[in-house]
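Participant: sequence first, predicted model second:
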Amino acid sequence: MPSLIFTLSLLAIPPLYLIYKPPPLLIRYLQRHYPDILWHVPTSPTTATNNDYCPCKCPSTCTCSNTTNSKRALIALTIDDGPSRYTSEILQILKDNDATATFFVIGSHIRDTDGDADAEAETDTDPQRETLLDLLRAGNELANHAMHDEPSCRLSDAELTAQIMAVERKIGRIYDSANANDPDACSCTSSENNLTPSAAATATTTATATAATATATATVTATATAAATATATATATATVTATATATATSPPSTRLIPPKYFRPGSGFFTTRMRRVLATLDYRLVLGSVYPHDPQIPFWSVNAWHVLSMVRPGAIIVCHDGRSWTAPMLRRVLPVLKRRGYRVVTVTELLGGGVKVFLREGGLGFDETGG
């Protein structure tokens, strides 16, 4: 009997090890087999500058100190189960290491007004609400982790849909508040705000072309009479000024929007769940580096796991609401930075290091991101 138990234990080790530390070959297989699920994002090093970390909505015109160019591979950090009393500490660690993350929040953890005027007045000074707003202001993003901390695969289609949509509304209201109360987090003038480099170049080109045309017109007219020359010159000047002003001060408005990412509770998915998410236009996001930190309360072990598994394009999964997560990140993030990695949100990883935002007329990209 003891020998049988020993044999069975030996047989259980390989599959358990594959679950704990899945090899890159397995991750690549899963990504090919389930293309609608995000496990990792193969990337190449991109040119990055410190402007990527400016916590404002005009990143292309941010003024940040110590701006340098470097080749840095991208990794996405995802943090589940927030918000909690540890979220503010985690945010500070991210800031200290020039990192951002995608926070998969649980709806029941978010205090929400849901249209109640009295409740809305109470939440104006809610520390938790301010923490979520601080996450967005620092360049992080909020994503959907269902309403309750439970296996989402056990929910019916109707229950799953209702939970996802309820959490979407909660997250949406946080984003609405962030957009309505956008702080002056970087030195952007009113004419530069939200103007991407390409838009700025267009403004300059348009003004230059208009000036050249007006000058040519003025020169031709000048051959007639001196009075005509004076009139033409004044008209040309007015035209150039008006065109340049209109182009530079009326850029497309930019605002933060929540990404449509869903991570199921407990991480298990089914074909039925995938169909529901496809109907709701959500992307199911899992990951490639998971230290099983809800079950392993030792930050040093979890830090070792992450550092031994991480590769360019990896998606790290860890959890808020645990006292050992902050110490783990405090150890991991500086090491990743020294190794040349840049820790970003899922959206930025998918964009290849280019920050994505929504503006009037559709999606846009912050071209300073690489």
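Facilitator: Done, it's in. In this text the structure is predicted, and so the values were computed from the model without any measurement. Numbering: from 1, shown residues only.
Participant: strands along this structure, start to end?
Facilitator: 37-38, 46-48, 70-82, 102-105, 141-144, 254-255, 261-262, 283-285, 315-319, 341-344, 355-359, 362-366 (DSSP state E).
Participant: lowest average pLDDT across those?
Facilitator: Mean pLDDT across those is lowest at strand 362-366; the value there is a mean of 43.
Participant: point out where this structure drops to low pLDDT.
Facilitator: Scanning the chain for pLDDT under 70 picks out 1-12, 44-71, 113-125, 182-254, 353-370.
Participant: repeat the analysis, applying 50 as the threshold.
Facilitator: Residue ranges of the chain with pLDDT under 50: 47-70, 117-118, 184-252, 357-370.
Participant: mind giving me the domain split of it?
Facilitator: For the chain, automatic domain parsing gives the domain ranges 27-189+254-369, 197-249.
Participant: how about residue 315, nearest residue that isn't a chain neighbour?
Facilitator: Nearest non-adjacent residue to residue 315, counting by CB to CB, 6 or more residues apart in numbering: residue 287, 3.9 Å away. Using the backbone N, CA and C atoms, a C-beta is placed for each residue, glycine as well.
Participant: and residue 294, by the same measure?
Facilitator: Using CB to CB, 6+ apart and skipping the chain neighbours, the partner closest in space to residue 294 is residue 319 (5.4 Å).
Participant: contact partners for the one you found?
Facilitator: Contact partners of residue 319, counting by CB atoms under 8 Å, 6 or more residues apart in numbering, are 79, 80, 81, 293, 294, 325.
Participant: same thing with residue 100?
Facilitator: So residue 100 contacts 53, 77, 94, 138, 139, 140, 141, 343, 344, 345, 348 (CB under 8 Å, 6+ apart).
Participant: mind checking how far the nearest residue to residue 335 once chain neighbours are set aside is from residue 263?
Facilitator: Once flanking residues are discounted, residue 335 sits nearest to residue 307: 5.8 Å by CB to CB, 6+ apart. Per CB to CB, to the nearest Å, residue 307 is found 23 Å from residue 263.
Participant: which one's more surrounded, those two?
Facilitator: residue 263 (25 against 15; other CB atoms under 10 Å).
Participant: wait, what's in contact with the closest residue to that one other than its chain neighbours?
Facilitator: In this structure, residue 263 finds its nearest non-sequential neighbour in residue 104, 4.6 Å apart by CB to CB, 6+ apart. Contact analysis of residue 104 by CB under 8 Å, 6+ apart lists 78, 79, 80, 81, 82, 143, 144, 145, 261, 263, 285.
Participant: same list (these) but as CSV, adding distance to residue 16.
Facilitator: Shown next, in CSV, are those (distance: CB to CB, whole Å):
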residue, distance to residue 16
78, 23
79, 25
80, 22
81, 24
82, 28
143, 29
144, 30
145, 25
261, 28
263, 23
285, 24
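Participant: what segments of the stretch 201-350 of the chain are helices?
Facilitator: 226-249, 271-280, 299-309, 325-338, 346-350 (DSSP state H, counting those that start in this stretch).
Participant: of the contacts of residue 319, which is the nearest to residue 281?
Facilitator: residue 80 (21.5 Å; CB to CB).
Participant: now do the residue nearest to residue 335 against residue 338, distance only.
Facilitator: As defined by CB to CB, residue 307 lies at a distance of 11 Å from residue 338.
Participant: what do you get for residue 95?
Facilitator: For residue 95, the distance to residue 338 - CB to CB - is 18 Å.
Participant: ok, these two, which is more surrounded?
Facilitator: residue 95 (16 against 8).
Participant: which ones are touching the spatially closest residue to that one that is not a sequence neighbour?
Facilitator: Leaving aside its sequence neighbours, residue 95 sits nearest to residue 138 (CB to CB, 6+ apart; 6.0 Å). Applying CB under 8 Å, 6+ apart, we find residue 138 in contact with 55, 91, 94, 95, 100.
Participant: now, which of those sits nearest residue 278?
Facilitator: residue 100 (27.5 Å).
Participant: which one is residue 73 nearest to, not counting chain neighbours?
Facilitator: Per CB to CB, 6+ apart, closest to residue 73 is residue 312, 3.7 Å.
Participant: how much space between residue 310 and residue 352?
Facilitator: 18 Å.
Participant: who has more neighbours, the two?
Facilitator: With neighbours defined as other CB under 10 Å, residue 310 and residue 352 compare such that residue 310 has more, 21 against 15.
Participant: what's near enough to touch that one?
Facilitator: 75, 289, 316, 336, 341.
Participant: residues near the residue nearest to residue 36 when sequence neighbours are not counted, how many?
Facilitator: Leaving aside its sequence neighbours, residue 36 sits nearest to residue 274 (CB to CB, 6+ apart; 6.1 Å). When neighbours are defined as other CB under 10 Å, residue 274 has 15 of them.
Participant: distance-wise, check residue 274 relative to residue 153.
Facilitator: 11 Å.
Participant: then residue 263?
Facilitator: The value you get for residue 263 to residue 153, if CB to CB is used, is 12 Å.
Participant: what's the neighbour count on residue 295?
Facilitator: Neighbours of residue 295 (other CB under 10 Å): 6.
Participant: now residue 96
Facilitator: Residue 96 sits with 12 neighbouring residues when counted by other CB under 10 Å.
Participant: mind listing what the nearest residue in space to it that is not next to it in sequence touches?
Facilitator: Leaving aside its sequence neighbours, residue 96 sits nearest to residue 333 (CB to CB, 6+ apart; 7.9 Å). Applying CB under 8 Å, 6+ apart to residue 333 gives the contacts 93, 94, 96, 97, 99, 343.
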